[in-house]
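need the 3D shape of this:
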Amino acid sequence: MINDPAQAAQVLRTLALDERLKLSIPADPVLGPLARKVARRYVAGEDLLDAVPRITDIIGRGHRANAEYLGESCRDAARAEHETDVFVAMADKLPAGCSISLDLSHVGLAVSAELALANGTRIAEATAATGREMIISAEGSGRTDAILAVHRDLSERFGHVGVTVQARLHRSPTDLAGLLRLPGRIRLVKGAFLEPETIAYARDDAALATAYLQLAGSLAESGHLCSFATHDWDLIHRLEALLGEPAPDAPWEFETLLGLGPDRLAALAGHGHPTREYVVFGTEWWLYVCNRLAEDPARLFQALTDAAA
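Have a look, this model is predicted:
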């Protein structure tokens, strides 16, 4: 019996990394339908056709959107090529005002850096042709060096390719100093992956908020294009105090995830800040949903309600 919320979060993050469960749970005739009910709160659907209406609605409410086709740790080169085709199609079919995010391990990094760069180049070309941003998502710290290397190449060549920085990682201030010299949006998140404390702050460590605000301060001072991705009300209020009066051409934006924080997004937009909602879709939602639940174990009660509905 798990009574400690931190222990529950640790269990969820461990389950998220189990690649056998990623495939077996959705396919299970009993657990699959229940898990899908839980996932529906956070995932727009299993294909691009499901996601487009949700994104159109978000943009219609005055926010920007960010879309990701879920998947990670693809270890088959041919499949990574096929998954890249989906991102290329997204660049053509998504509404204006919607950027595209992706895990590099979804499009080849788990095979080789060369394959990730080749497939990333295809997506960068497609997004450039349709005038939308491309944002490389964060993954576990063991892949950070490889991700930053691919990002640097794409950013220098295309200019519109951004990257995600995790405030939890102790290395992030050094990484950010280098990223500020490159074009492309910098998306700041707390970070949700299972990491040892020698590498990252614990999610419940008060020092994490301080680290996030220090990185946010560096971004704000630099004037670099950036996104502050958080649902933490206290952190949002402190960010607003840090940023001062918003302006229509502000280089920053606030971002929340689908199913989390629509009240925050509406409030921030009402204060005049640019806002964006992050929409994910696809069949590989297991890791994503587990990490959303792990961020706040109280969401487990909502998950039980959703599963029973």
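
ok, and for stretch 216-232, which residues are buried?
Within stretch 216-232, the residues scored as buried using 16 or more other C-beta atoms under 10 Å are 216, 218-220, 222, 224-232. For glycine as for every other residue, the C-beta is placed from the backbone atoms N, C-alpha and C.

ok, now stretch 25-39?
25-26, 34-36, 38-39.

helices along the stretch 1-150 of the chain, start to end?
Here the stretch 1-150 of the chain has its helices, by DSSP state H, counting those that start in this stretch, at 5-16, 19-27, 31-39, 48-60, 77-93, 113-129, 144-158.

for residue 269, find the nearest of the ones you listed.
helix 48-60 (11.1 Å; C-beta to C-beta).

where does the stretch 1-150 of the chain dip in pLDDT?
For the stretch 1-150 of the chain, applying pLDDT under 70 flags the ranges 1-24, 27, 30-32.

tell me the centre residue of this protein?
Nearest to the geometric centre of the chain sits residue 137, at 5.5 Å (C-alpha atoms, centre = their mean).

how far away is that one from residue 60?
Using C-beta to C-beta, to the nearest Å, residue 137 is found at 25 Å from residue 60.

okay, the residue nearest to residue 240 when sequence neighbours are not counted: pLDDT?
Once flanking residues are discounted, residue 240 sits nearest to residue 271: 6.9 Å by C-beta to C-beta, 6 or more residues apart in numbering. With respect to pLDDT, residue 271 scores 94.

where's residue 271 relative to residue 237, distance?
11 Å.

which of those two has more neighbours?
More neighbours surround residue 271 than the other of residue 271 and residue 237, with 13 against 10 (other C-beta atoms under 10 Å).

list phi and psi for the more buried one.
The phi/psi pair for residue 271 (degrees, to the nearest 10) reads phi -80, psi -10.

likewise for the one 3 residues further on?
Here is the backbone geometry of residue 274 (degrees, to the nearest 10): phi -60, psi 140.

count the neighbours of it for me.
Per other C-beta under 10 Å, the neighbour tally for residue 274 reads 20.

use 50 as the first number for this chain going forward.
Sure, I'll start numbering at 50, so the last one becomes residue 323.

quick check: it touching residue 299?
Yes - Residue 323 sits in contact with residue 299 when judged by C-beta atoms under 8 Å, with a separation of 5.9 Å.

which ones are touching the closest residue to residue 152 other than its chain neighbours?
Among residues not flanking residue 152 along the chain, residue 121 sits closest, at 4.6 Å (C-beta to C-beta, 6+ apart). Contacts for residue 121 (C-beta atoms under 8 Å, 6 or more residues apart in numbering) come out as 152, 154-155, 159, 188, 333, 336.

at 6 Å what do you get?
By C-beta atoms under 6 Å, 6 or more residues apart in numbering, the residues touching residue 121 are 152, 154-155.

that one and residue 344, how far apart?
Residue 121 is 17 Å from residue 344, by C-beta to C-beta.

follow-up on the earlier one: which one of the contacts of residue 121 is nearest residue 238?
residue 152 (13.3 Å).

quick one: contacts for the closest one?
Residue 152 is in contact with 121, 186, 188, counting by C-beta under 6 Å, 6+ apart.

that's all I had, so thanks and see you.
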